[in-house]
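Provided below for reference: sequence and predicted model.
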Amino acid sequence: MKKIYLGLLSVACVGAFATWLAADTKSVQIPVTQAQPPASNFSAGQIAEIEKLVGDYIAKHPDIVMTSIQAGMDLQQKAEIENMEKAVAENKAKIFNDPSSPVIGNPKGTQSLVAFLDPYCGYCRKFHGELTTLLSKNKDVKVIIKEIPIMGDDSVLTIKALLAAKNQGKYEQLQTAVYSSDKHLDEKQIMKAASSLGIDTKKLKADMDDKAIQTEIDQTLELAKLIGVNGTPTLIVGEKTVLPGFISAEDLNKKLEESVATDGKKEATPKL
């Protein structure tokens, strides 16, 4: 399992440039050629002068290098997202019809959102606030949560508690308590928070230790790997569109609106 954790680096937590370096490169491969470069017609002195001119120009115009890097990042991310969306289409049942996945918002909502999150990813915690705002104003969104522990053992412990709380119908309440906390919670603190929410902590602990909970976490991790999720938060809007990284409630609502239009539905998405 640890190998999977290491492979799922947080998109939002480590920043865009680090994400590009850490991302799965299978979607964009550099062809290998055996051809040898032609012999240069320039003398050593001419080559040195050319190198100096190029170096001086780059020093005066560093934005050219950054623009080239950004263009490469954009192309790679586009290819990765296309591959992920293809994988989503091929694995709809596992993503959208898994009864073990927690659901918040409107379970009968006509607008669909799937969120791969880690409770201790900084941008996931920030996104949770945006999600709360979205759900308070748009009552037609069904949100399927896929908790994946990419941040280590603390995340594993907390996700077990969240999934166990689902067995008592208290997933969303405990999720809010965890995501709004300004620190990682140990087991004692989780139990205290759970007790304050009216959760039976004895049953919660027993369910956390149940192998079924660990199996559920493992299956979600495997699903994330299968789709190509390499960071959190990662969202799937309208069962088609993959959005890696943090997004505001307003922009997410627009994406939901676009998904409704694409599906040819007439229901209007509430404006935020």
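Happy to help now that I have it. All figures in this text were calculated on a predicted structure; none of them were measured in a lab.

Buried residues of the helix or strand containing Ile190, list them for me.
Under the criterion of DSSP states H and E, Ile190 resides in helix 187-196. Using 16 or more other CB atoms under 10 Å as the test for burial, helix 187-196 gives 190-191, 193-194. C-betas here are computed from N, CA, C, even on glycine.

For it, report the contacting residues that lie outside it.
Applying CB atoms under 8 Å, 6 or more residues apart in numbering, the contact partners of helix 187-196 are 157-158, 161, 165, 170, 174, 177-178, 181, 185, 201, 204-205.

can you give me how far it is from the chain middle?
Mean-position distance between helix 187-196 and its chain equals 27 Å (CA atoms, centre = their mean, to the nearest Å).

right, and the helix or strand after that helix?
helix 201-208.

So for that following helix, what gets flagged as buried?
Those would be 204-205, 207-208, for helix 201-208 by 16+ other CB under 10 Å.

Make sure Val114 is actually in contact with Asp98.
No. Using CB atoms under 8 Å, Val114 is not in contact with Asp98; the gap is 10.2 Å.

Please dump the buried residues of helix 201-208 into TSV; it should also carry distance to Thr234 for every row.
Below are those laid out as TSV (distance: CB to CB, whole Å):
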residue	distance to Thr234
Leu204	28
Lys205	30
Asp207	27
Met208	25
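
Redo those residues as CSV? Include pLDDT.
CSV is the format used below for those (pLDDT from 0 to 100):
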residue, pLDDT
Leu204, 98
Lys205, 97
Asp207, 97
Met208, 97
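
closest to Glu90 among the contacts of helix 187-196?
In terms of CB to CB, no member of the contacts of helix 187-196 lies closer to Glu90 than Thr158, at 30.5 Å.

That closest one touches Val178, doesn't it?
Yes. Counting by CB under 8 Å, Thr158 touches Val178, with 5.8 Å between them.

Which one of those two is surrounded by more residues?
Thr158 (28 against 23; other CB atoms under 10 Å).

for the nearest residue to the more buried one once chain neighbours are set aside, what are its contacts?
Setting aside the residues directly before and after it, Thr158 is nearest to Pro119 in space (CB to CB, 6 or more residues apart in numbering), at 4.8 Å. With contact set as CB under 8 Å, 6+ apart, Pro119 has these partners: 125, 147, 151, 155, 158-159, 162, 175, 178-179.

Going by distance to Ile50, which of those wins?
Closest to Ile50, out of all of those and judged by CB to CB, is Met151, at 48.2 Å.

Run a quick neighbour tally on the residue nearest to that closest one when sequence neighbours are not counted.
Spatially, and ignoring its direct neighbours in sequence, Met151 is nearest to Tyr120 (4.4 Å; CB to CB, 6+ apart). Tyr120: 24 surrounding residues under other CB under 10 Å.

One more: Asn106?
By other CB under 10 Å, 15 other residues sit near Asn106.

right, and the residue nearest to Met151 touches Asp154 too?
Yes. Using CB under 8 Å, Tyr120 makes contact with Asp154 at a distance of 5.9 Å.

Name the residues contacting each of those two.
Between them, Tyr120 and Asp154 share the contacting residues His184, judged by CB under 8 Å, 6+ apart.

which residue ranges form the strands in the stretch 101-250 of the chain?
In the stretch 101-250 of the chain, the segments counted as strands under DSSP state E, counting those that start in this stretch are 103-105, 111-117, 141-147, 234-237, 241-244.

what about the residue sitting furthest away from the middle of the chain, distance to Gly55?
Within the chain, Ser43 marks the point farthest from the mean C-alpha position, 52.2 Å out by CA atoms, centre = their mean. Ser43 sits 18 Å away from Gly55 when distances are taken as CB to CB, to the nearest Å.

Centroid-nearest residue for this structure?
Thr234 (2.2 Å).

And the furthest pair within the buried residues of helix 201-208?
Across these, no pair lies farther apart than Lys205 and Asp207, at 7.4 Å, counting by CB to CB.

what is in contact with the two at once?
Joint contacts of Lys205 and Asp207 (CB under 8 Å, 6+ apart) are Ala164.

returning to that earlier point: how about the strands of the stretch 101-250 of the chain, which one is nearest Glu49?
Closest of the strands of the stretch 101-250 of the chain to Glu49 is strand 241-244, at 44.4 Å (criterion: CB to CB).

Many thanks, have a good one.
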